[in-house]
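Chemist: could you look at this predicted model? Sequence included:
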Amino acid sequence: MLVLTVKNIDDMSEFLRKMSISLLILEFGLLLVPASILLVVGVKLTFNSISMHQNIENIVLCVMTLFSLIAISGLFVLYRKVLLLRDSDVLKTRFAWSALYFGFIAVIVSFGSILMPPSPPYSEMSEIRSNIEYFILGCPLMIMALHLRYEASKC
């Protein structure tokens, strides 16, 4: 028969805390770093494209890229404060938490574009939507943001 004592519960709690932090480190290495590298390449390509052709497709793509850049910057700030500094005032970091809303907006717009009926082939709207739909790749980063929020509440 399993009897949980206070010592066992404390040990289990500490084990879960270490697992949660390990998972956050894994999320950083497998999600945030590769997404940041892709974003840097995407920013370069987007701004090269908008400097050559200033059409609605490139402007929309530029705005979505900026939203993603702001959100990933916020994730880096929060990761540093939560995991590296163990800052107890991390919940008061309004800029970083607010920056995540831009990432949520980019993912929601992308998801909405995926759910809409298809645009006519080779139309301008079809081109815009095909580019916007790539921003759904930020969805796993939003899971990391929720995990950071959980860890921040534990600081």
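Modeler: Okay, I see it. Numbering: from 1, shown residues only.

Chemist: any weak-confidence spans in this structure?
Modeler: Within the chain, the stretches with pLDDT under 70 are 1-7, 9, 155.

Chemist: longest helix anywhere in it?
Modeler: Secondary structure of the chain per DSSP state H: the longest helix is helix 56-79.

Chemist: in that one, what's buried?
Modeler: For helix 56-79, burial by neighbour count (16 or more other Cβ atoms under 10 Å) applies to 57-58, 61-62, 64-65, 67-75, 77-79. The C-beta positions use only the backbone N, C-alpha and C, and glycine is treated the same way.

Chemist: got the angle for the helix or strand following it vs helix 56-79?
Modeler: Using DSSP states H and E, the helix or strand that follows helix 56-79 in sequence is helix 94-115. Per axes from the mean of the first three to the mean of the last three Cα atoms, to 10 degrees, the angle that helix 94-115 makes with helix 56-79 is 140 degrees.

Chemist: could I get helix 94-115 in CSV with only the CA atoms?
Modeler: The C-alpha trace of helix 94-115 is given here as CSV (Å, rounded to 0.1, in the frame of the first residue of the first chain):
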residue,chain,number,x,y,z
ARG,A,94,4.7,44.4,-18.8
PHE,A,95,6.6,44.9,-22.1
ALA,A,96,7.6,41.3,-22.4
TRP,A,97,4.2,39.9,-21.6
SER,A,98,2.5,42.4,-23.9
ALA,A,99,4.9,41.5,-26.7
LEU,A,100,3.5,37.9,-26.6
TYR,A,101,0.1,39.2,-27.7
PHE,A,102,1.7,40.1,-31.0
GLY,A,103,2.7,36.5,-31.5
PHE,A,104,-0.8,35.3,-30.6
ILE,A,105,-2.2,37.7,-33.2
ALA,A,106,0.2,36.4,-35.9
VAL,A,107,-0.8,32.8,-35.1
ILE,A,108,-4.5,33.5,-34.9
VAL,A,109,-4.4,35.4,-38.2
SER,A,110,-2.5,32.5,-39.8
PHE,A,111,-5.0,30.0,-38.4
GLY,A,112,-7.9,32.1,-39.6
SER,A,113,-6.4,32.2,-43.1
ILE,A,114,-6.0,28.4,-43.1
LEU,A,115,-9.6,27.9,-42.1
